[in-house]
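> next one to model:
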Amino acid sequence: MKTILVPIDHTAAAEHTLAYANKLAVRWPAEVVLLYCHPTPVVAPALAAELANEEQRLRSLVERLRYQQLTRQDGRRIQYRYRILSGCLHDHVRQEAQQCAANLVVMGLEHIDCGKQAAPGNHAAAIAELVSCPVLVVPPGRRALPSRLVFAADFTSLGASVLPRLSALQEAFPAHLDLVHFYAPTQRPHRRQLKQAVVKAAAQLPWLVVAPNLLEDDAPLEGTNEFCARHQAQLLIIAPGSQAQLLRYFDSCYTTTRAYHTQIPVLVLRAVERQPTVACCDRCAERLAQTKPPVALPDYHAIRWA
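Model prediction:
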């Protein structure tokens, strides 16, 4: 069964995050694991009672929201698990995501961690760096599941694992999908290769309607924002190549001016890093050090020289 991990706090925006996760859990379907990290230091004798009290608050929230925007039949189908821990979310989220085999993390754009409020989106970007599964960042407000998706990326340098990870989410987001690749004016001579990369990516995705778009713009982020606004996208999918690139999407100039892409959910796909080969003993380590890939040298004797 698929699993959605939902880090949650006790802010009003957290209710919108959980309500969105509930709708996803019904459509997919998936189990919802609620993760709450209690930041206040509590002495050992009272810690268990404090964590039990926090779990009861979460259960009350779940029962209140379960049927708020869903039918009673759909609400009953959702299965919940609760993880109440002491400490900060960024210290526990990687282990918890691995332990519950999360297929998706759904969290708010604004989240309080360790009792502190970070700049909108910055905390979500930090969590996306810690977990290996996709992270869906949901801004405050009530919203329906998307009917139009936009996937903005550099398809010429996309990681090999990104498209399969996106394809695994097709059942959760069965909507019209636009692939958008922006190129600078200096890349005009390479338009054919860029177009081929976008079309190739579209052919690998299982959506019924996939529209490849190759557009010229020397500011890809601003171009993405304008494209989403023009097509009334309800979910933006990004595959940032670095943490700095991811943080740009949640820069204060965009959150302060309420740019369009900060008002819709953003799905962050990170490429899975290839794990280095680890030797089990000294003998294997010596063999790995000596093993080198064969180098294909040119056979000059096979060439007929004029």
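> can you give me the helices in the protein?
Using DSSP state H, the helices found in the chain span residues 12-27, 44-65, 72-77, 89-99, 122-130, 162-167, 191-203, 220-230, 243-249, 252-256, 282-290.
> go through the ones you listed and name the closest to residue 83.
Closest to residue 83 of these, according to Cβ to Cβ: helix 89-99, at 5.9 Å. The way it works is simple: take the backbone N, C-alpha and C, and place the C-beta from them, glycine included.
> so what's residue 164 up against?
Applying Cβ atoms under 8 Å, 6 or more residues apart in numbering, we find residue 164 in contact with no residue.
> could you measure from it over to residue 170?
Distance of residue 164 to residue 170, computed by Cβ to Cβ, to the nearest Å: 11 Å.
> got the helices of the chain as JSON lines, with mean pLDDT and distance to residue 3 columns?
Listed next are the helices of the chain as JSON lines, based on pLDDT from 0 to 100; distance: least, Cβ to Cβ, whole Å:
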{"stretch": "helix 12-27", "mean pLDDT": "94", "distance to residue 3": "10"}
{"stretch": "helix 44-65", "mean pLDDT": "87", "distance to residue 3": "16"}
{"stretch": "helix 72-77", "mean pLDDT": "89", "distance to residue 3": "15"}
{"stretch": "helix 89-99", "mean pLDDT": "95", "distance to residue 3": "9"}
{"stretch": "helix 122-130", "mean pLDDT": "91", "distance to residue 3": "16"}
{"stretch": "helix 162-167", "mean pLDDT": "96", "distance to residue 3": "15"}
{"stretch": "helix 191-203", "mean pLDDT": "97", "distance to residue 3": "27"}
{"stretch": "helix 220-230", "mean pLDDT": "96", "distance to residue 3": "29"}
{"stretch": "helix 243-249", "mean pLDDT": "91", "distance to residue 3": "23"}
{"stretch": "helix 252-256", "mean pLDDT": "88", "distance to residue 3": "29"}
{"stretch": "helix 282-290", "mean pLDDT": "58", "distance to residue 3": "35"}
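> which among the ones you listed is found nearest to residue 141?
Going by Cβ to Cβ, the one of the helices of the chain nearest residue 141 is helix 12-27, 5.9 Å.
> residue nearest the centroid of this structure?
Central residue of the chain (Cα atoms, centre = their mean): residue 135, 2.5 Å from the mean position.
> verify the contact between that residue and residue 126 for me.
No. Residue 135 is beyond contact range of residue 126, at 10.3 Å (criterion: Cβ atoms under 8 Å).
> circling back to that earlier point, let me have the helices of the chain in TSV, extended by distance to residue 36.
Conversion of these to TSV gives the following (distance: least, Cβ to Cβ, whole Å):
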stretch	distance to residue 36
helix 12-27	9
helix 44-65	6
helix 72-77	21
helix 89-99	9
helix 122-130	14
helix 162-167	27
helix 191-203	38
helix 220-230	32
helix 243-249	25
helix 252-256	25
helix 282-290	43
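> pretty sure residue 1 contacts residue 31?
Yes. Counting by Cβ under 8 Å, residue 31 is a contact partner of residue 1 at 5.5 Å.
> quick one, which of those two is more surrounded?
Per other Cβ atoms under 10 Å, whichever of residue 1 and residue 31 has more neighbours is residue 31, with 18 against 9.
> that concludes my questions; thank you for your assistance.
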